[in-house]
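Chemist: dropping a prediction and its sequence here:
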Amino acid sequence: MKLNLEGCNMKIAATTVLLAVSLVLSCSLPAATPAAVQQGLAAEGHSAFDGIWRNAGRGRRPPGAPLENCCSEEGWNDYAKYLQPWAMEVMEKRGAALKVGKPLATNTAQCRPDGTPTVIEIPYPFQFLRTPTYTYILYEADYQSRRIRMNSVHPAKAPANWYGDSIGHWEGEVLVVDTVGLSARGQLNWDGIPHTDALHVVERYTITQPGAMELQMTVTDPGTLVAPWTVTKHFRKLTESRLLEYVCAQNNRDMEVPTE
Amino acid sequence: MTMLRTFTFLAVVLAGAQTCVIAADQASAGPDLSGVWLLDRTVPALRSVDGAALPFTAEGRAAYQAVVADRKAGKTQDLTRKYCLPDGVPRLLTARAPFEIVQTPGQVTFLHEARHIYRALPVDGPPIDPNLLIESYMGNANARWDGAVLVIDSVGFNTETWLDDSGLQHSEELQTTERWQKLAGGRQLQVDVSITDPRYFMKPWTTRFTFSKRSDLGIVEYVCGEPHRSFAGKGAK
């Protein structure tokens, strides 16, 4: 939301410098609070996050291949290094079922919410909306969205739901999102890695070059992981100006839900 | 500075500020509709704002009567609710759950709590690319400002949705135009929704809903098939 000062300038020219200063101050009043502007919208680099992005898939980047041509995902591979035995067992069961062509359903496959952090790696477009108090992320996949309170703190009693309680702040040009309050019904990723409701997710989004964004995400969950696990994901900005409709249940009519 | 000069100075400053506020509104393309809003009155069935009967064509009347009769007889159901599908326009606006309007440069976004539907609407953007026009539950929409009124034009709906909870039907020819404006000094929002569907209605007709600002409410997570908070009978009025 930028103020159009063009109309003001003519008046400014005709009056005193003092008046000009007063006028500019007056003009600024309808805008957001100065502190919020300083921390958020005023920083030019942050507008680089505007627009529609996409994680192009699960493929791994061939050694040496440039990032912008690939959108690779790094991480989620070192099960043995990070998973506690019970979680390792879950993933081995999944692996065995997949091998015999009978994959165990994930939340995504059942049109349950992807939730945080699985929604982040869905290979469909998403969009950041920036306001002084909130950053929103709209995901094309099944009308999912996240609401991130900027420069805030988590409540004493966090929820236990699918998207959790997200707070965010800017570290220079890096958007940092911190999420707790995630139900153990959720999964860490598309592969269905389990987690407990003590999961803590920290996302760090950085524009690495025009049209290219990197996410470094660290998940901490002492009940599931032996150590914090950091994965890196890359996203490309799309030329599309709008998200399209994606309705999971449209093709999943056996997923009947109880009447409200 | 004499009293007169002081007064003149203030008057000019205020006039300048006023001009700038208007300029700001134009630059950010319209008044600030942002915030959380809740429907004032339940809408069991749409009514025309002019009080007249809905101008059904014979086909439109038959389609509606068939659904009403089949529901009574248990031969059909409200599949939108049964499968938690998007409501479409204008049924989405009759939900008894709040929605939030977010305004960012070039876009107005409606985030509805009910069934977590959002509408991300480009404002004064390029016309919809026919190659990208997909038949969809929520339609393909563009927004624009007509003075202080936010106008949303939608086309390209599929025929899976009902226009209201009573089962009012529409054809693939449905087009809607919503005109959103603030009332009561910004405490209320009114929308007039014009329904154009030459196959089912002889002429366009308009229905109206009002919403009250609810700064005390936030939008909470809504997951189909899980318990939700209910606002039935808890509106502003």
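Modeler: Perfect, I can see it now.
Chemist: please enumerate the helices of chain A.
Modeler: A:6-14, A:17-28, A:34-39, A:79-82, A:85-99, A:115-118 (DSSP state H).
Chemist: so which elements touch the fourth one?
Modeler: This means helix A:79-82. Helix A:79-82 sits against helix A:85-99, with contacts defined as 3 or more Cβ pairs under 8 Å, 6 or more residues apart in numbering or on different chains; DSSP states H and E. Heads up, the C-betas are built off the backbone N, CA and C, glycines and all.
Chemist: packing partners for the helix it packs on?
Modeler: Using 3+ Cβ pairs under 8 Å, 6+ apart, helix A:85-99 sits against helix A:79-82.
Chemist: those strands in chain A, which residues are they?
Modeler: A:52-54, A:73-74, A:126-130, A:134-139, A:144-150, A:165-171, A:174-180, A:200-209, A:212-220, A:229-237 (DSSP state E).
Chemist: next one: the last one to chain centre, how far?
Modeler: Computed by Cα atoms, centre = their mean, to the nearest Å, the separation of strand A:229-237 from the middle of its chain amounts to 10 Å.
Chemist: list the buried residues of that strand.
Modeler: A:229, A:231, A:233, A:234, A:235, A:236, A:237 (16 or more other Cβ atoms under 10 Å in any protein chain shown).
Chemist: before we move on, the earlier item: lowest mean pLDDT across the strands of chain A, which one is that?
Modeler: Between the strands of chain A, the one with the least mean pLDDT is strand A:73-74; it has a mean of 56.
Chemist: average model confidence for the host helix or strand of residue B:111?
Modeler: Remark: residue B:111 resides in strand B:107-112, with elements defined by DSSP states H and E. Strand B:107-112 shows a mean pLDDT of 97.
Chemist: distance between it and the chain's centre?
Modeler: 10 Å.
Chemist: tilt between that strand and strand A:126-130?
Modeler: In terms of direction (axes from the mean of the first three to the mean of the last three Cα atoms, to 10 degrees), strand B:107-112 departs from strand A:126-130 by 100 degrees.
Chemist: any weak-confidence spans in chain B?
Modeler: B:1-29, B:132, B:232-237 (pLDDT under 70).
Chemist: quick one: contacts for the residue nearest the centre of it?
Modeler: Nearest to the geometric centre of chain B sits residue B:93, at 5.4 Å (Cα atoms, centre = their mean). Applying Cβ atoms under 8 Å, 6 or more residues apart in numbering or on different chains, we find residue B:93 in contact with B:39, B:191, B:193, B:209.
Chemist: in what element of secondary structure is the third one found?
Modeler: Here residue B:193 sits within strand B:188-196, counting by DSSP H and E.
Chemist: determine the set of other helices and strands touching that strand.
Modeler: Using 3+ Cβ pairs under 8 Å, 6+ apart, strand B:188-196 sits against strand B:175-183, strand B:205-213.
Chemist: give me that answer again for 10 Å
Modeler: In terms of contacts (3 or more Cβ pairs under 10 Å, 6 or more residues apart in numbering or on different chains; DSSP states H and E), strand B:188-196 is packed against strand B:35-39, strand B:149-155, strand B:175-183, strand B:205-213.
Chemist: go through the ones you listed and name the closest to residue B:75.
Modeler: strand B:205-213 (27.5 Å; Cβ to Cβ).
Chemist: and that closest one, which strands flank it?
Modeler: strand B:35-39 (antiparallel), strand B:188-196 (antiparallel) (DSSP bridges).
Chemist: just to revisit the earlier point, with distance to residue A:83 as new columns, can the strands of chain A be given to me in TSV?
Modeler: Shown next, in TSV, are the strands of chain A (distance: least, Cβ to Cβ, whole Å):
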stretch	distance to residue A:83
strand A:52-54	29
strand A:73-74	17
strand A:126-130	28
strand A:134-139	27
strand A:144-150	26
strand A:165-171	25
strand A:174-180	20
strand A:200-209	17
strand A:212-220	12
strand A:229-237	9
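Chemist: now distance to chain B too, for the ones you listed, in JSON lines please.
Modeler: Shown next, in JSON lines, are those (distance: least, Cβ to the nearest Cβ, whole Å):
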{"stretch": "strand A:52-54", "distance to chain B": "9"}
{"stretch": "strand A:73-74", "distance to chain B": "26"}
{"stretch": "strand A:126-130", "distance to chain B": "5"}
{"stretch": "strand A:134-139", "distance to chain B": "6"}
{"stretch": "strand A:144-150", "distance to chain B": "6"}
{"stretch": "strand A:165-171", "distance to chain B": "10"}
{"stretch": "strand A:174-180", "distance to chain B": "13"}
{"stretch": "strand A:200-209", "distance to chain B": "16"}
{"stretch": "strand A:212-220", "distance to chain B": "18"}
{"stretch": "strand A:229-237", "distance to chain B": "15"}
